[in-house]
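[1] heads up, no residue letters with this:
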């Protein structure tokens, strides 16, 4: 990151009408040498007091806010300065309300913000009820409309459900205000920083985003007069300043944990709450040891036998798939031309040409705009192994070719097996179960293997 591109922001939490104490904190902070690049201040949580007493000097101009500050609001008991400002606006010199919910760009930083808190009944509304007074509960539609890319900062009043997965010590999440919509929002946009309110300060270990190049740092800040740390400053290059190629090469912080918010329950609508559960028409059978077989040193799911009416297109016989046809070993007819390299003498799946092309919209193509290089754990010239973006179990991996039509199951199988051997040694004494994910997909899809590391007795 170029030093000249670095910019700083400062975040403060839960002013709660303590404007004099907050201004004193800011005035002491921004002259510090460590904050020489400070561009803007953000504030999360309850902003106003219970009445207008502490606000009047700033409304009349008797006092001036010392530095440009943008804030969201929480469970406000008095909200007159922001009534009617659902889209945000300035309420005093250097003091600006961001609005109900949305995204904006401030000093080069891409900001997503959500004012208020979650309430199940109010959440199902199409919009906040009033446009003339502040509504402390956000609506579902405001969050689903947010599709911002390269988000630098997410500002919320609530912590995401599942944040305890970022620490090693068991903890009760009920001690903080958590909300599932916040979890779903942070999972979708993958911000670099997520700032929320909590009883005390904590900067959690960063985690990897399944769909983004950057890691996410979750920060919780304490109220201004709590005695705990109430502010946080960051000196970073805005993600919007990265070109697409630069952004695709971002590597998450080496201490980053796996994504903590997997398999969160969906928020049900009132109609779903009162509806009768659907009857189950069957029970999914558990996998048995007989469902697997050893193939070249790895446990794999047994391949289904072809149907009775299936006829091999190569020899015209029944009882085997075309890939297992005995005629394959005899080689192709003299007039057969491989459609991959336009040469004769071999079947297309035996083609020695390993390279194909990189499809930019494919998240499995190494080097595409959708590919997350930080998830890769092993690689060679033509294949790689990465951590699964939505793991079923803790040790869940993806094996794929680096280019779109360089199939593992034909052109690069030997290299893929070499990587599997390395992975097997690193996971011992666990066993690897390899699942070929090409079945049921389109012919133009990027095929891959999913690998599970399980205990030997599973």
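    Arrived safely, thanks for sending. Every value quoted in this text rests on a predicted model; they were computed, and no experiment measured them. Residues are numbered from 1 along each chain as shown.
[2] mind showing which ranges of the stretch 251-400 of the chain have poor pLDDT?
    By pLDDT under 70, the weakly predicted segments of the stretch 251-400 of the chain are 262-304.
[3] the helices in it, which residues?
    270-274 (DSSP state H, counting those that start in this stretch).
[4] Quick one: the strands in it, in order.
    Using DSSP state E, counting those that start in this stretch, the strands of the stretch 251-400 of the chain run over 292-295, 298-301, 376-379, 383-387, 396-401.
[5] Return the list of helices and strands in contact with the last one.
    In this structure, strand 396-401 packs against strand 383-387, helix 413-427, strand 448-454, with contacts taken as 3 or more CB pairs under 8 Å, 6 or more residues apart in numbering; DSSP states H and E. Yep, even glycine has a C-beta here, placed from its N, CA and C like the rest.
[6] Could you rerun that using 10 Å?
    Here strand 396-401 touches strand 376-379, strand 383-387, helix 413-427, strand 431-436, strand 448-454, going by 3 or more CB pairs under 10 Å, 6 or more residues apart in numbering; DSSP states H and E.
[7] which stretch among these comes nearest residue 114?
    Nearest of these to residue 114, taken as CB to CB: strand 383-387 at 29.5 Å.
[8] still on that earlier bit, make CSV from the helices and strands packed on strand 396-401 and add mean neighbour count and distance to residue 109 to it.
    Listed next are the helices and strands packed on strand 396-401 as CSV, based on neighbours: other CB atoms under 10 Å; distance: least, CB to CB, whole Å:
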stretch, mean neighbour count, distance to residue 109
strand 376-379, 15, 29
strand 383-387, 22, 29
helix 413-427, 16, 40
strand 431-436, 17, 42
strand 448-454, 19, 36
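[9] Which of those sits closest to residue 25?
    Comparing the helices and strands packed on strand 396-401 by CB to CB, strand 383-387 comes nearest, at 41.0 Å.
[10] For the closest one, which strands pair with it and how are they oriented?
    Using DSSP bridges, strand 383-387 pairs in its sheet with strand 376-379 (antiparallel), strand 396-401 (antiparallel).
[11] Could you export the ones you listed as TSV, including distance to residue 69?
    Output for the strands paired with strand 383-387, formatted as TSV (distance: least, CB to CB, whole Å):
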stretch	distance to residue 69
strand 376-379	41
strand 396-401	44
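[12] Minimum distance to residue 78: which of those strands has it?
    Comparing these under CB to CB, the one sitting nearest is strand 396-401, at 50.1 Å.
[13] can you give me the angle the closest one makes with strand 431-436?
    50 degrees (axes from the mean of the first three to the mean of the last three CA atoms, to 10 degrees).
[14] Endpoints of stretch 39-53, how far apart?
    In stretch 39-53, first residue to last residue: 30 Å (CA to CA, to the nearest Å).
[15] list the buried ones in it?
    Buried residues in stretch 39-53, defined by neighbour count with 16 or more other CB atoms under 10 Å: 39-49.
[16] what do you get for stretch 389-400?
    Those buried within stretch 389-400 under the rule 16+ other CB under 10 Å are 389, 391, 395-400.
[17] Between all of those residues, which two are separated the most?
    395 and 400 (17.2 Å).
[18] Could I get the full set of strands for the stretch 1-150 of the chain?
    For the stretch 1-150 of the chain, the strands defined by DSSP E, counting those that start in this stretch occupy 7-13, 38-44, 69-71, 89-92, 95-97, 101-106, 109-114.
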